[in-house]
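Asks: Structure here, sequence nowhere to be found:
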Ligand code: MN
């Protein structure tokens, strides 16, 4: 195909304009975000595919939970850390350093929720559940009498938490304990070692179970708790 000679100048101008525009766009995309620090809080990937916990937790629920709620806490924590002396510190340290400071409440809430959620997603595994073995099984028997008594107490803690929060199993000295916390509160700030957590915020179950929090928790305990991961936290 041949263009008449009078086309060549406008064509050349058009080409130059396109090259300049595309190069400009590419350069603009490469520019880093305007921040003082690199992000402190990493967004941990889901340790399994988004649909792997079905039918107990749907892909729809997990997509929102990990992709929107958890991601939102991580993004907000990083935003609040810009220019803060805590930027660059490990996440657990940020949570502990801000817990008792009312002026740092927003940072504490978002940093603690980032930590709690990363831990929560790791506590679950597709086709898990069953019963723990070895040292963890022995510790559960010593602390609660039996596995059934233990899971009953854990379920009660989750059911009984009024409003949003978490049901935890923690190591306190040489015994396990079950504690519930409200909102973003976490045992990280109490010197007790978290070994398992269940999320009882409505966003964790409402799309699948609506108001049936206890049903959700029972199914999670029966089918999804990764007891090997729990044992690794002792
Ligand atoms: Mn949650």
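Replies: Thanks, I have it. Owing to the predicted nature of the structure, the values given are computational and were not obtained by experimental measurement.

Asks: Would you mind naming what in the protein lies close to the ion?
Replies: 199, 201, 204 (C-beta under 5 Å from the ion). Placement of C-beta: from N, CA and C, glycine included.

Asks: Would you map the strands across this protein?
Replies: 165-172, 175-182, 193-199 (DSSP state E).

Asks: As a markdown table, the ones you listed with mean neighbour count, distance to residue 84 and mean pLDDT would be great.
Replies: Shown next, in a markdown table, are the strands of the chain (neighbours: other C-beta atoms under 10 Å; distance: least, C-beta to C-beta, whole Å; pLDDT from 0 to 100):
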| stretch | mean neighbour count | distance to residue 84 | mean pLDDT |
| --- | --- | --- | --- |
| strand 165-172 | 22 | 25 | 98 |
| strand 175-182 | 17 | 24 | 97 |
| strand 193-199 | 23 | 24 | 98 |
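
Asks: Of those strands, give the one that comes closest to residue 54.
Replies: Across those, residue 54 has its closest neighbour in strand 193-199 (17.0 Å, C-beta to C-beta).

Asks: Now do the helices in this structure.
Replies: 8-30, 59-64, 71-81, 91-98, 105-123, 134-144, 147-160, 206-209, 213-223, 227-232 (DSSP state H).

Asks: Please identify the most buried of these.
Replies: Mean neighbour count (mean count of other C-beta atoms under 10 Å) peaks for helix 105-123 among the helices of the chain, with a mean of 22.

Asks: Now tell me what touches stretch 117-128 from outside.
Replies: Applying C-beta atoms under 8 Å, 6 or more residues apart in numbering, the external contacts of stretch 117-128 come out as 44, 46-48, 52-53, 57, 65-66, 69-70, 73, 91, 166, 194, 196-199, 220, 223-227, 229-230.

Asks: May I see the buried residues of stretch 43-63?
Replies: Going by neighbour count (16 or more other C-beta atoms under 10 Å), the buried part of stretch 43-63 is 43, 44, 46, 50, 52, 53, 56, 57, 58, 61, 62.
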